[in-house]
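[1] model the structure of this input:
(one chain, ligands or ions: 1)
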Amino acid sequence: MARPTLSRRSAGMATAVVVPAALLIAPLAMQGTATEPVPELTAESVASDGYELPEIVPITVPDRDALDQLVATGVDLAEKVDHTADGLRVEAIVTPSEQQWLTDAGFAVGEAVLSEEQFAALQEEREDTVAEIETAEEAALDVGDDLNVQRAAWFDNLGQTFIQIEVFSEAGSSSANVLVEVSLDAGPGTPIGAGGTFNLSRFVDGGHYMYHRTGDPVPADPVPSRMRVRSILNGQVVGEAERPVTEWLDGEYPRGRGAPQEWGNLATGFVDHYVDATEATARIEALAAEFPELAEIVELPNQTNGYRRPAQALFAEKIVVDAPSTGAGEYEAVAAGFGQAPAAAGIPGTLARVADGTGDPADGCEALVGFPAGSIAVVDRGTCGYTVKVLNAQAAGAIAVVVVNNVPGDPVTMTGTAPANTIPSVMISMEAGAVVKPGLPAAGRVHGAPNENRVGVDSLAWGHEGGNDITVELADPGAANSPLSVGVTGDAVRVQLATNATGAVTSTAAQVVAALNADPAASALVRAYTWRGSPGGGVVAPAQTRRLTDNLSAPESVSRDPFTVKAIRIGTDRDGSQTGVLLYSQEHAREWVTPLVAIETAERLLRNYRSNPFIRQLVRNLDIFIVPTVNPDGSHYSIHDFTLQRRNMTNHCAITGASDLRARNGWGVDLNRNFRVGNREQGFSGASGSCTSDTYSGPTPLSEPEAKNEIWLVENNPNIRFAMNTHTHGGYFMWAPGAYRLPTRDGLERPSFGVESYFYAASDVILNRIKEHRGTSVWPSRVGPISDVLYSAAGNSADDHFYNNGIFAWSFEAGSPTWNGSGWSDVGFTPPYEEGHEEAQEFSNGWLGILEVAQMYGLDNVMPRSTLEPGRGPFDDPVDITFELSEPSDVYYTLDGSRPTFESPRIEFTGPRQGQEPITISETTTIKWFAVDAAGNIQNNYVPDGTRDNYQRATITIRD
Ligand SMILES: [Zn+2]
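    Now for the predicted structure:
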């Protein structure tokens with residue numbers, strides 16, 4: 001391997017860093033006060049006596065002129081320029097001596113991004129890898145490639161046929177030079193290749209080779225019956241395998257006691273709109289009341305925090321419209337993320353609506369017509385980018401821009417890039433715009449609010465318990481040398497700001513906060529704070545009386561009290577004697593379809609009980625717990641306030657952090673990250689410690705009442721053997737492990753061979769039921785352990801149920817993508833109800849499928865059978881043995897003649913999504929073993945810790 005090259009100079013030329021005197025004027029040049037160019041960076045201008053390796057360092061320059069000068073030195077720069085608050089940031093690849101030269105020349109050189117040591121380590125790692133690849137390629141050319149066809153499936157989805165193929169290539173695992181090529185036939189009796197030939201892509205995840213795959217399903221018409229896969233290296237075929245292409249979800253069900261049967265005349269379709277938690281809970285309560293023989297309500301003991309918040313106000317950016325305009329008043333605003341920030345003291349001027357003469361004239365998307373220069377432009381949001389509107393207004397002579405939102409709710413931060421933009425702009429809400437616009441033109445001001453000028457105020461009482469009645473005013477006394485003071489009358493808090501000798505306001509945000517918190521009457525009503533930990537040194541702008549609000553807009557029929565989460569328990573024998581199944585929905589609030597799956601299923605079970613023998617059997621054989629919504633507060637918030645709410649509503653942000661009203665859609669704990677197994681606290685990936693992250697795992701595992709409720713249910717009902725954690729969207733059926741540590745991608749034990757085989761067998765029942773509704777196939781690639789088919793989700797609930805309580809715990813993502821003729825489209829969290837209804841119906845089918853699986857489990861008294869493959873021999877060479885099984889089972893075995901027990905070695909999978917790992921027998925050996933199925937039946941009624949020797953045994957004879 002080539003060593004890293006020397007940097008751009010000869011070694012050993014001089015002993016000191018020489019900075020030519022001419023260079024010392026460079027900083028001045030950068031400030032634009034001199035015109036002399038910076039000299040070139042050459043071997044002669046930077047000389048060192050050592051062997052140096054370059055490092056990557058950031059350099060920040062104030063403007064493009066300075067950047068041009070930096071470029072003119074000939075320095076090696078990475079091909080990107082970041083626009084930061086401090087100027088333009090580039091990355092230079094320079095040696096330590098060159099860094100010194102650049103620093104002396106006045107450039108702001110940062111800390112190395114990639115140091116010499118790291119660089120050397122990278123080189124070494126690369127050399128090692130190249131050596132490994134070379135060895136693997138030589139071996140493949142020599143002895144060939146092992147190809148393991150993990151999946152070769154075709155399926156029908158909504159009337160169209162698709163294939164999905166996954167192949168593990170031993171040679172391809174080490175080298176990306178190995179091509180994996182698939183040839184299909186065109187149906188039975190046709191030659192391989194008649195259905196087309198294509199290459200699979202190499203799937204590397206988290207730095208680890210997984211397998212080669214088609215990726216998303218691809219259309220296949222006609223349906224192939226066989227495929228050939230070949231691995232090719234340097235034009236030479238190194239591996240080849242031929243396999244049938246089998247149908248995925250063929251609609252065939254297992255046989256046996258309690259096995260799936262035709263559903264017959266089953267009444268369905270009991271939901272007709274999206275529901276919030278209040279309505280979902282009322283539905284199950286009404287059902288339990290109507291069917292007291294078959295169902296009861298279980299109140300979960302941990303009440304939620306409730307759909308409630310303190311009332312808040314934030315004194316920050318605003319616009320003021322003066323009387324006598326009909327729109328006179330103060331309105332909250334949010335400054336744009338580009339252009340100039342508006343001054344805190346306010347930019348006075350005439351607010352005037354714009355007209356551009358084209359399309360919607362008020363949107364300001366074209367050159368303005370007749371705009372009075374020197375005014376503040378009022379523009380409607382929509383049609384074109386914010387920067388287009390602001391630049392059009394600027395071109396017409398506007399001194400500031402007020403954009404009026406075109407959707408209800410908060411104004412938002414306008415984003416974009418507009419280096420030519422020199423005037424400030426803010427957004428106000430659509431509601432404010434509706435009051436302001438009819439009264440224009442009118443005199444007024446646009447006030448900015450740098451962070452240190454802002455004051456936040458929260459009520460101590462919840463909004464609905466009086467917080468929403470509190471008002472706060474920051475009054476200008478209108479007199480010189482006035483002290484800062486606070487007065488309270490009823491719910492009205494009045495802060496009189498201090499002034500100086502000229503009558504100008506002098507109170508800083510920190511002073512206002514301290515005065516409010518020190519005043520006994522005010523501090524009994526509110527708590528004040530500076531912006532997110534700011535020292536608050538900025539002078540606040542006077543503000544008219546502002547009413548605090550909890551910003552919660554659900555109707556009064558939604559209680560603001562802590563919510564009691566409820567389950568409906570369905571079954572004729574609800575005494576713990578039957579196999580228990582926990583079906584729960586809506587840990588994530590925005591997944592609106594999931595409570596409908598729950599309600600639809602509860603209705604189907606109870607309303608079909610008398611007329612439908614299939615349902616009657618399920619209700620008699622099982623003990624079914626259905627929780628339509630784990631996260632009621634989040635559900636109310638998502639339905640009534642903020643559709644994308646995922647978490648619960650509890651704010652764990654500190655008062656010095658994101659606790660102000662602008663962060664209120666960022667609060668809450670991700671309940672599916674708040675559990676005890678494989679969680680963030682233990683170093684697993686896929687959860688955040690940030691209180692505003694959508695995967696925030698909470699302050700501690702099980703900190704949240706909603707998570708505690710799930711654990712209470714399974715711990716108080718040990719008969720629960722199955723659980724389904726229902727989410728949207730994507731169309732997934734998944735199980736443990738659901739989390740891993742990085743970079744190793746492990747950390748939780750994989751299910752045993754028997755359990756994983758059982759999961760795949762169960763998925764066949766459950767997913768065929770889903771498909772029966774309207775032909776939706778959950779893709780083959782979306783069935784398996786969460787950590788294989790989705791991503792690591794540290795601290796999720798299914799893992800807790802599986803690892804802590806031995807429950808067969810699954811997760812659904814309802815809402816499969818739909819094929820639009822050329823690609824797959826996602827259905828989203830809140831699809832139009834027409835689609836949501838279909839998803840609820842098909843995943844309610846899936847829930848009934850789970851109940852069928854559980855019923856078979858409960859009634860299963862059939863012992864598994866197992867045989868050795870191949871048989872006893874004799875053999876001339878070492879032989880690989882596996883076990884043929886009559887049903888999904890674990891096999892415990894010994895090779896040393898001892899009695900097999902549950903402590904003995906167990907058969908395993910070769911790897912994720914692969915077959916049984918064979919046992920190599922190289923000398924004559926007696927194997928003793930037993931098989932045990934998912935329900936715990938043991939082959940031949942063998943008792944591993946008993947005394948009878950009725951285990952299985954076979955002697956494999958290998959000739960010397
Ligand atoms: Zn979810």
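[2] can you tell me the SS state at residue 928?
    Secondary structure state of residue 928, per DSSP: H, G, I helix; E, B strand; the rest coil, is strand.
[3] so what's the residue count around it?
    When neighbours are counted by other C-beta atoms under 10 Å, residue 928 registers 20. Glycine gets a C-beta too; all of them are placed from N, C-alpha and C.
[4] quick check: bridge partners of it?
    Beta bridges link residue 928 to residue 894, residue 953 when assigned by DSSP bridges.
[5] and stretch 680-700, what's buried?
    Buried residues in stretch 680-700, counted by 16 or more other C-beta atoms under 10 Å: 680, 684-687, 691-692, 695-698.
[6] pick the one among the residues you listed closest to residue 827.
    Nearest to residue 827 among the buried residues of stretch 680-700, counting by C-beta to C-beta, is residue 695 at 21.8 Å.
[7] ok, now how distant is that closest one from the ion?
    Noted for residue 695: a distance of 10 Å to the ion, by C-beta to the ion, to the nearest Å.
[8] and for residue 456?
    The spacing between residue 456 and the ion, counted by C-beta to the ion, is 32 Å.
[9] pretty sure that residue contacts residue 661?
    Yes: here residue 456 reaches residue 661: they are 7.4 Å apart, a contact under C-beta atoms under 8 Å.
[10] need the overlap of contacts for the two.
    312-314 (C-beta atoms under 8 Å, 6 or more residues apart in numbering).
[11] any chance of the buried residues of stretch 680-700 in a markdown table, plus pLDDT?
    As requested, the buried residues of stretch 680-700 are arranged in a markdown table below (pLDDT from 0 to 100):
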| residue | pLDDT |
| --- | --- |
| 680 | 96 |
| 684 | 95 |
| 685 | 93 |
| 686 | 93 |
| 687 | 93 |
| 691 | 94 |
| 692 | 92 |
| 695 | 94 |
| 696 | 96 |
| 697 | 97 |
| 698 | 97 |
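[12] nearest to the ion among those?
    The closest of the buried residues of stretch 680-700 to the ion turns out to be residue 695 (C-beta to the ion; 10.5 Å).
[13] what residues does this protein put near the ion?
    Listed as neighbours of the ion in the chain under the rule C-beta under 5 Å from the ion: 588, 727.
[14] just checking, which helix or strand of the chain averages the lowest pLDDT?
    Least confident element among the helices and strands of the chain, by mean pLDDT, DSSP states H and E: helix 26-30 (a mean of 36).
[15] and which of the shared contacts of residue 456 and residue 661 is nearest residue 610?
    Nearest to residue 610 among those, with distances taken as C-beta to C-beta, is residue 312, at 53.2 Å.
[16] how much space separates that closest one from residue 492?
    Going from residue 312 to residue 492 by C-beta to C-beta, to the nearest Å gives 17 Å.
[17] the more surrounded of those two?
    residue 312 (21 against 15).
[18] what's in contact with stretch 295-303?
    Against stretch 295-303 from outside (C-beta under 8 Å, 6+ apart): 284-285, 287-288, 562-571, 574, 602, 606, 625, 627, 705-706, 708-709, 712-713.
[19] the residue of the stretch 1-150 of the chain found nearest the ion - how many residues pack around it?
    Using C-beta to the ion, the closest approach of the stretch 1-150 of the chain to the ion is made by residue 150 at 27.1 Å. The local packing of residue 150 (other C-beta under 10 Å) involves 20 other residues.
[20] equivalent analysis for residue 887, please.
    By other C-beta under 10 Å, the residues close to residue 887 number 21.
[21] equivalent analysis for the one 4 residues further on, please.
    Around residue 891 there are 25 other residues, counting by other C-beta under 10 Å.
[22] with residue 234 instead?
    Using other C-beta under 10 Å, the number of residues around residue 234 comes to 11.
[23] ok, now which ones touch it?
    Applying C-beta under 8 Å, 6+ apart to residue 234 gives the contacts 137, 141, 177.
[24] same thing with residue 54?
    Contacts of residue 54 by C-beta under 8 Å, 6+ apart are 7, 76, 93-95, 98, 119.
[25] is it true that residue 310 touches residue 466?
    No: with contacts counted by C-beta under 8 Å, residue 310 stays clear of residue 466, the gap being 10.4 Å.
[26] anything in contact with each of those two?
    Joint contacts of residue 310 and residue 466 (C-beta under 8 Å, 6+ apart) are residue 459.
[27] what about the two, which has more around it?
    Using other C-beta under 10 Å as the criterion, residue 310 and residue 466 rank with residue 310 on top: 23 against 15.
[28] show me where the stretch 151-300 of the chain has its helices.
    Using DSSP state H, counting those that start in this stretch, the helices of the stretch 151-300 of the chain run over 170-174, 277-290.
[29] which one of those has the most crowded surroundings?
    Among the helices of the stretch 151-300 of the chain, helix 170-174 has the highest mean neighbour count (mean count of other C-beta atoms under 10 Å), at a mean of 21.
[30] list of residues touching that one?
    132-133, 136-137, 139-140, 145-148, 178, 180, 202, 209, 212, 231, 233, 238-239.
[31] list only buried entries from those residues.
    Buried, going by 16+ other C-beta under 10 Å: 136-137, 140, 145, 147-148, 178, 180, 202, 209, 212, 231, 233, 238-239, out of the contacts of helix 170-174.
[32] max pairwise distance over the residues you listed: which two?
    Across those (C-beta to C-beta), the longest gap, 18.8 Å, separates 137 and 148.
[33] export the contacts of residue 234 to TSV and tack on pLDDT?
    Shown next, in TSV, are the contacts of residue 234 (pLDDT from 0 to 100):
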residue	pLDDT
137	93
141	93
177	95
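[34] tell me the one among these nearest to residue 472.
    Ranked by distance to residue 472 (C-beta to C-beta), the contacts of residue 234 are led by residue 177 at 69.1 Å.
[35] tell me the contacts of the residue in the stretch 51-200 of the chain that the ion sits nearest to?
    Of all residues in the stretch 51-200 of the chain, residue 157 sits closest to the ion, at 22.7 Å by C-beta to the ion. Contact analysis of residue 157 by C-beta under 8 Å, 6+ apart lists 217, 775-777, 816, 819.
[36] of those, buried ones?
    217, 776-777, 816, 819.
[37] can you tell me which of those residues is nearest residue 505?
    Looking across these and measuring by C-beta to C-beta, the closest to residue 505 is residue 816, at 60.2 Å.
[38] mind listing what that closest one touches?
    The contact partners of residue 816, taken as C-beta under 8 Å, 6+ apart, are 157, 730-731, 776-779, 827.
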